[in-house]
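Trainee: Fold the following.
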Amino acid sequence: MEPRLLFAFSWAMLLLTRDADAFQVIGGSATVVQGGTAILPCHIIDTNDDLTQITWQRRTRGKPQNDNFLTIQPRNGPLFVNGGDDRFKYVGSFNDKNGTLQLSNVALKDEGIYTCIFTLFPSGNQKTEIPLILLVPPSTSVKDSLPTSGTEEVLFATCTAAGSRPPAEVRWLTGTLAEKVRTTTKSTHYDNGTTTTVSSLFGVPTRELNGHLVECVISGDSLSTEVILPFTIQVYFSPTEVNITAISDDSFECMTDANPNAKFTWNRSGRSLPQSAVKVEGAKLQLLSLNSDLNGLYQCEASNTYGRKHSQLYVHVASGSCSNAWALFGVLLFLNVGAAAWYFYKSGHFPRNLFDSCGSGR
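Mentor: Below you'll find the predicted structure:
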């Protein structure tokens, strides 16, 4: 090659290199929450070259091999390669050398690297890569482990942030119980890039802890705000001592402490309840008509799924000129005490101050 021709060729190459260096392909990255809409920006500036085609390539979880999936031409517009996807929409302008795409209803399979390629004449191809980053909010829940009262440490509850990307942070706010409970946290990572985080709350299940409110707090980049899940500590136990108290001259109420709340049942020893003379509403027993048909040993039983307990009440309606008088022998906690009371009644050896003869001269 003649030296003069070689110099001319070198100078032309230099001009092309300078022009190419002046190109600016504007891209960036896109971050979107699963199910949302992403904008994949791509725009070339500072060039007077003719744009003949815009080509989009992708390398994603669903398409691990880099391939062309969309072309945009001045006459034909956007055309899909190897099958269409209505979730993609061309929102740029060919005349403005803008190849921006919109992707709606983004899923995990869409995460990856998208490449925007401008075919220019005479300069050739110019491209940029746009990473698409997907955020997956966790599914959150608190599960009660249903602990029963005891003296050994047990699991109270678990708080779960499932399927999050990136991993969520899970913590407990225990307030005044900080020294009486402890927490542990573990995470499980999955092939699809999501993580499940579980935080567990432990403590000794005493009745004093029952009913205390704590909170599980879940936070992370995939959440716009913290998720706060309130949880009331439940310690489950059978009914404690059952007490029968007089709430009026002719009404009594059965009371106990239990979790879950106890159900109450009234019955009479050896005989059925006189339906016309008594009224039972849950824990309450009301004497409707005072006559000797009411006499007997009554029992109130408190029960739940964890156990049962009872207490007893002896009722005696005095006879004589004061037929409407009645006397309460006592609230009897154990059957053998009730049996003793029945014995005293049958033998007539009750202490005189338990019954009023209502002016009979006794």
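Trainee: Do a quick rundown of the helices in the stretch 251-362 of the chain.
Mentor: 335-347 (DSSP state H, counting those that start in this stretch).
Trainee: which residues touch the closest residue to Arg271 other than its chain neighbours?
Mentor: Nearest residue to Arg271, sequence neighbours excluded (C-beta to C-beta, 6 or more residues apart in numbering): Gly296, at 6.0 Å. All C-beta spots, glycine's among them, are computed from the backbone N, C-alpha and C. Each residue near Gly296 by C-beta atoms under 8 Å, 6 or more residues apart in numbering is listed here: 268-271, 314-315.
Trainee: Which of these are buried, as a ChimeraX select command?
Mentor: Here is the ChimeraX command that selects the buried residues among these (16 or more other C-beta atoms under 10 Å):
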select :268,314,315
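Trainee: thinking again about what came up before, report the beta-bridge partners for the residue nearest to Arg271.
Mentor: Beta-bridge partners for Gly296, by DSSP bridges, are Val315.
Trainee: just Glu215 next, same as before
Mentor: Leu173, Pro230.
Trainee: show me the contacts for it.
Mentor: Counted by C-beta under 8 Å, 6+ apart, Glu215 has contacts 172-173, 228-231.
Trainee: follow-up on the earlier one: I'd like to know how far the residue nearest to Arg271 sits from Thr245.
Mentor: Gly296 sits 19 Å away from Thr245, going by C-beta to C-beta, to the nearest Å.
Trainee: swap in Asn68?
Mentor: For Asn68 relative to Thr245 (C-beta to C-beta), the value is 85 Å.
Trainee: more crowded one of these two?
Mentor: Asn68 (14 against 10; other C-beta atoms under 10 Å).
Trainee: Grab the most central residue of the protein for me.
Mentor: The chain has Ser141 as the residue nearest its centroid, 2.2 Å off, counting by C-alpha atoms, centre = their mean.
Trainee: Run the chain-centre distance for the helix or strand where it lies.
Mentor: In this assignment (DSSP states H and E), Ser141 forms part of strand 139-144. Chain-centre distance of strand 139-144: 3 Å, with C-alpha atoms, centre = their mean, to the nearest Å.
Trainee: residues making contact with it?
Mentor: 156-163, 216, 218, 227, 229, 231, 234.
Trainee: hmm, 7 Å instead?
Mentor: 157-163, 216, 218, 227, 229, 231, 234 (C-beta atoms under 7 Å, 6 or more residues apart in numbering).
Trainee: That strand: partners in the sheet, and parallel or antiparallel?
Mentor: Assessed with DSSP bridges, strand 139-144 is paired to strand 154-164 (antiparallel).
Trainee: Can you mark which positions in the partner strand are buried?
Mentor: 155-161, 163-164.
Trainee: which regions of this structure sit below the pLDDT cut-off?
Mentor: Applying pLDDT under 70 to the chain flags the ranges 1-22, 319-362.
Trainee: Let's see that with 80 instead.
Mentor: For the chain, the stretches with pLDDT under 80 are 1-23, 249, 274-276, 289-293, 317-362.
Trainee: Domain map for it?
Mentor: According to automatic domain parsing, the chain comprises the domains 22-135, 139-232, 243-354.
Trainee: May I have stretch 54-74 as CSV, with CA atoms only?
Mentor: C-alpha atoms of stretch 54-74 as CSV (Å, rounded to 0.1, in the frame of the first residue of the first chain):
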residue,chain,number,x,y,z
ILE,A,54,-33.0,-1.7,17.9
THR,A,55,-32.5,-5.2,19.3
TRP,A,56,-33.3,-6.5,22.8
GLN,A,57,-31.5,-9.5,24.3
ARG,A,58,-32.0,-11.1,27.7
ARG,A,59,-30.3,-13.6,30.1
THR,A,60,-32.7,-14.3,32.9
ARG,A,61,-33.7,-17.0,35.4
GLY,A,62,-36.3,-18.2,32.9
LYS,A,63,-34.0,-17.8,29.9
PRO,A,64,-30.5,-18.6,31.1
GLN,A,65,-29.1,-18.5,27.5
ASN,A,66,-28.6,-15.0,26.1
ASP,A,67,-31.0,-14.6,23.1
ASN,A,68,-32.7,-12.0,21.0
PHE,A,69,-36.3,-11.7,22.0
LEU,A,70,-37.4,-8.4,20.4
THR,A,71,-36.5,-6.2,17.5
ILE,A,72,-37.7,-2.7,16.7
GLN,A,73,-37.5,-1.4,13.1
PRO,A,74,-38.6,2.0,11.6
